[in-house]
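Asker: Sequence plus the predicted model coming up.
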Amino acid sequence: MFSNQYRVEKSSELIASTRAIIGDEKNAIANMANVAAVLFNGLRDVNWAGFYLFDGTELVLGPFQGQPACLRIALGKGVCGTSAAEKRTIIVPNVEAFPGHIACDANSKSEIVIPLVQNGNLLGVLDVDSPTLDRFTLADATALEEIVGLLVYSSDFGQGASQPMIRR
Ligand code: SME
């Protein structure tokens with residue numbers, strides 16, 4: 001379904017793929033796993049795509065594609081923790097220039113982080129990394145925000161999925 005041929009980036013196709021792959025599924029973990037795979041395989045020039053989930057205290061690694069990554073990130077720390085704390089999308093053209101950036105994969109040169117928010121409550125973040133400087137544009141931010149919106153709207157982050165996430 002997502003061969004290398006698919007790496008022609010068209011945000012409308014990524015959004016359509018996300019909608020199709022979620023379908024009627026409500027399980028948040030399953031949907032995040034497939035969204036990570038859609039983005040990792042569908043976006044050009046990325047080396048990591050995945051989620052960190054808010055457990056009520058900090059961010060904990062969730063479904064992702066790419067190299068193994070750091071397990072926990074405190075709110076306000078790194079790009080993910082800053083996006084989560086401020087509940088806003090952050091584009092980092094050069095990770096070395098971002099104070100407090102957390103280097104999980106030394107190949108990552110630029111990064112975009114989109115918060116997952118439902119009714120004002122923080123659920124987690126989507127993080128996408130690239131080995132190329134200045135990879136992410138405002139158009140990417142808009143498309144990824146739409147994808148995250150679809151995911152949050154379609155998935156049950158309340159009962160099933162998020163009970164373990166809010167355990168302390
Ligand atoms: N670079 C991120 C940490 C997560 S990894 O990139 C997967 C950050 O600074 O928050």
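Answerer: Yes, it's here. The structure presented is a predicted model; accordingly, all values stated were derived computationally and were not measured.
Asker: Spatially nearest residue to the residue of the chain found nearest the ligand (excluding sequence neighbours)?
Answerer: Per C-beta to the nearest ligand atom, Gly78 is where the chain lies closest to the ligand, at 2.7 Å. All C-beta atoms are positioned from the backbone trio N, CA, C, and that covers glycine. Closest residue in space to Gly78, ignoring its immediate chain neighbours: Ile102 at 3.6 Å, by C-beta to C-beta, 6 or more residues apart in numbering.
Asker: tell me the contacts of that neighbour?
Answerer: When contacts are counted by C-beta atoms under 8 Å, 6 or more residues apart in numbering, Ile102 touches Cys70, Ile73, Lys77, Gly78, Val79, Cys80.
Asker: Would you confirm that it belongs to a strand?
Answerer: No. According to DSSP: H, G, I helix; E, B strand; the rest coil, Ile102 belongs to no strand; its state is coil.
Asker: Got phi/psi on it?
Answerer: Taking degrees, to the nearest 10, you get phi -100, psi 120 for the backbone angles of Ile102.
Asker: And the one 10 residues further on, by the same measure?
Answerer: The phi and psi torsions at Ile112 (degrees, to the nearest 10) take the values phi -130, psi 140.
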